[in-house]
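> how would this look folded up:
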Amino acid sequence: MNTPGAFLGCALLPALLAAAAAAPLPAPSTITTITAVTVYADRAVVTRTAALDLAAAGPAEVTFEKLPAALVDQSLTVAGHGAAQVAILDVTARAAYVDFTPNERVKVIEDELRGLAKQFRMLSDRGATLNEEHDFVKRMLTASTGQIIYPLGAAPERGGGTPARPTLDEWQKLYTYSEETLGKIAAEMQSLDQQREDLTAKKSALEHQLNELRGAGGRSFKTVTVRLNTVTTGTLELALSYAVPGASWTPSYDARVNSTEKTIALAYSGVVRQNTGEDWKDVALTLSTAHPSLGGAAPALTPWALDVFVPRPVPVASEAVKLAAFEASAARRPNNFGAGNTMNMRAFSSNAPLDAEARAEKQDAGFAAATIDSAATSASFKVTAPASVPSDNSPQKVPVTTAALAANPEYLTTPKLQPAAFLTAKVVNSSEFPLLAGAMSVFLDGTFVATSALRTVMPGEKFDLALGADEGIAVKHKRVTRFTEDTGLTNSGKRVTYEYLLTIQNNKKTAARVIVADTLPVSRNEKIVVKQLAPDAKDVKPTPEGALKWTLDLKPAEKRELTLKFSVDYPNDVQVTGLEP
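Numbering: from 1, shown residues only. Next up, the predicted model:
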């Protein structure tokens, strides 16, 4: 017995197809919204949903308009569920051309640019007024200190009186007034210059975003049409999913180290960027570790053949041959924008569940962590709260999870190369999330100390976390002596002896383990003999590459001095490279 939302039986499908072909009903464009997005390393799968009220039985069409022109046709999938009993017949995609891509973000930026233009005009008008005030004060000073101008008919040769000159008190008031006025004008002019610089920077950034948005949209869209056959009327939620390039995400980490408690709070985030031509507003966002671009199978090996090279003359093609080759190449090019091009699709019944992107559950927004779905070859992180990512390639940071890791800290130092001790923690990924390789910011006791990187670590795997330099461990490296002497019965050889002093001091309030590394020179010729004098090789044995390591457990305020001493013997007629001067 069929119920609303039940799958349309296979026996009815031929009859429904015939009815649909006999009486197709044109359908108006449907208002759709982006409800879910799954972001991969090099693309995204977008899910648009349309809420329908199917009031009449029979065939109907639902159109999804103004979709990105770069939409991958082969990725189209449709799903639906609701009270109506419906069969999804087919899906088609067509290219649609318009004069300009209407984008809400573009309109916002254009409005902001118009506002900046008004501010520029206001600054320009105010600058002109200040220039006039400046010129007026200058003219007033010139008139007061320049040649006396007699009123008409009052010149001495005509018997007129002489105008009075300003008194000393009036001179002082005039200069005080002019100095204050010109100072205020100069200060405001400087303020106007700074405001112009700020507006110019904002204008440049907005124009860059606008160019990216217009370039992403182009002049073409795609329209996808879904044909339905309605058996029982009612409501239906129809979801269309499609893949688009121009989107990506990368891992990002904040490691906050508490040196007293020896713990690390690791915040795992995803940095999402997209320039697909569509803004994602309040969508259910999922970050996937899958790599669709790698394909589904390993590449097949081909025979590795070796042969004798035989040069051959390069034939010169005639113009007729070139023209024929060009026409053949043009004929083989695929036409992806032909009208009526029918896509490969997966048709689902009306009660079939939505794809993972359409089923993203919205958890309590109070949790700053994503949920994880682990598959055989990848993992998906479903971000808890709805996310918004504009189509302008700006980075948007969304939380994935936080992990409290117990740390076993130790310090590594190579005084010969850099007099600093670097904190390293040996930890275990105790979370259920795989930690992908990415950049990491390190905070030590609340203070930002370094940028580092994290390699890919699976759940349960041990790894070393590089946490940056710690000034609480003081390190010094000093050469004490370099002594050269003759050797052999006839002074036929030379011996050069080096001695270095390595000083390590723990200035922290807690004990610290410090691993100190240095090197002995390694001889690549039997005539050159290197001998380790200190430390004793029984206590610190070098590796075949000459590396030496000391492990020091230092108490608070404890200081250790390590001596590295060795000699190099070689004949006089041998010139040795690599010796320190």
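> SS state for residue 107?
Following DSSP: H, G, I helix; E, B strand; the rest coil, we place residue 107 in the helix state.
> okay, and residue 388 sits in which element?
Assigned by DSSP states H and E, residue 388 falls within strand 387-389.
> and the contacts of that strand?
37, 272, 273, 274, 279, 280, 281, 282, 283, 285, 396, 398 (C-beta atoms under 8 Å, 6 or more residues apart in numbering). For the C-beta atoms, the positions are set from N, CA and C on the backbone; glycine is no exception.
> next SSE downstream of the longest helix anywhere in the chain?
For the chain, the helix with the greatest residue count under DSSP state H is helix 168-217. Toward the C-terminal end, the helix or strand that comes next after helix 168-217 (DSSP H and E) is strand 220-232.
> now the helices for the chain?
Under DSSP H, the chain gives helices at 13-22, 104-145, 168-217, 319-332.
> average pLDDT across the shortest one?
In this model, helix 13-22 has an average pLDDT of 41.
> next, the contact list for residue 250, please.
Neighbours of residue 250 in contact, by C-beta under 8 Å, 6+ apart: 41, 270, 271, 438, 439.
> what about the closest residue to residue 551 other than its chain neighbours, neighbour count?
Nearest-residue entry for residue 551: residue 515, 5.5 Å, with adjacent residues in sequence omitted and distances by C-beta to C-beta, 6 or more residues apart in numbering. Look at residue 515: counted by other C-beta atoms under 10 Å, it has 15 neighbours.
> same check on residue 402?
16.
> repeat that for the one 10 residues further on.
Close neighbours of residue 412, defined as other C-beta under 10 Å, add up to 17.
> tell me the spacing between it and residue 262.
17 Å (C-beta to C-beta, to the nearest Å).
> likewise for residue 34?
45 Å.
> can you pick out the residue with more neighbours from those two?
The neighbour comparison of residue 34 against residue 262 (other C-beta under 10 Å) goes to residue 34, with 16 against 13.
> which ones are touching the more buried one?
Here residue 34 is in contact with 46, 47, 48, 278, 280, 281, 283 (C-beta under 8 Å, 6+ apart).
> again, but for residue 404
By C-beta under 8 Å, 6+ apart, the residues touching residue 404 are 263, 264, 265, 266.
> need the buried ones from those residues selected in PyMOL.
Typed into PyMOL, the line below selects the buried ones among those, using 16 or more other C-beta atoms under 10 Å:
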select buried, resi 263+264+266
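> just the contacts of residue 404: which has the poorest pLDDT?
Note: of the contacts of residue 404, the lowest pLDDT belongs to residue 263, at 87.
> which stretch in the helices of the chain has the least confidence?
Across the helices of the chain, helix 13-22 has the smallest mean pLDDT, namely a mean of 41.
> pop out the phi and psi values for the closest residue to residue 456 other than its chain neighbours.
Using C-beta to C-beta, 6+ apart and skipping residues adjacent in sequence, the residue nearest residue 456 is residue 437, 4.7 Å away. The phi/psi pair for residue 437 (degrees, to the nearest 10) reads phi -60, psi 130.
> quick one: contacts for residue 437?
Applying C-beta under 8 Å, 6+ apart, the residues contacting residue 437 are 251, 453, 454, 455, 456.
> okay, and which of the residues you listed map to strands?
251, 453, 454 (DSSP state E).
> bridged to residue 411, which residues?
residue 423, residue 514 (DSSP bridges).
> now do residue 45
Beta-bridge pairing for residue 45 (DSSP bridges): residue 38, residue 243.
> what of residue 550?
residue 516.
> low-confidence stretches in the stretch 451-581 of the chain?
Under the criterion pLDDT under 70, no range of the stretch 451-581 of the chain is flagged.
> which stretches of it form strands?
With strands called from DSSP state E, counting those that start in this stretch, the stretch 451-581 of the chain shows them at 462-469, 473-487, 493-506, 512-519, 529-534, 547-554, 559-571.
> ok, the closest residue to residue 254 other than its chain neighbours to residue 49 distance?
Spatial nearest neighbour of residue 254, excluding adjacent residues (C-beta to C-beta, 6+ apart): residue 267 at 4.2 Å. With distances taken as C-beta to C-beta, residue 267 is found 32 Å from residue 49.
> kindly report the same for residue 550.
Going from residue 550 to residue 49 by C-beta to C-beta gives 64 Å.
> and what of residue 273?
24 Å.
> equivalent analysis for residue 466, please.
Distance from residue 466 to residue 49, by C-beta to C-beta: 45 Å.
> and of the contacts of residue 34, the nearest to residue 68?
Checking the contacts of residue 34 against residue 68 with C-beta to C-beta, the nearest one is residue 278 at 6.2 Å.
> the closest residue in space to that closest one that isn't next to it in sequence: neighbouring residues, count only.
Counting by C-beta to C-beta, 6+ apart, residue 278 lies nearest to residue 391, which is 5.7 Å off, once chain neighbours are set aside. Neighbours of residue 391 under the rule other C-beta under 10 Å: 24.
> ok, residue 491 next?
10.
> do residue 440 as well
23.
> just checking, it touches residue 256?
No. The criterion here is C-beta atoms under 8 Å, and residue 440 misses it with residue 256 at 10.9 Å.
> which residues of the stretch 201-350 of the chain score low on pLDDT?
Ranges of the stretch 201-350 of the chain meeting pLDDT under 70: 213-219, 294-296, 314-350.
> domain parsing for the protein?
Domain assignment for the chain by automatic domain parsing gives 104-154+166-217, 473-571.
> please work out which of these is packed deepest.
Ranked by mean neighbour count under mean count of other C-beta atoms under 10 Å, the domains of the chain are led by domain 473-571, which reaches a mean of 14.
> for residue 534, list the residues it contacts.
Going by C-beta under 8 Å, 6+ apart, the list of residues near residue 534 reads 499, 563, 564, 565.
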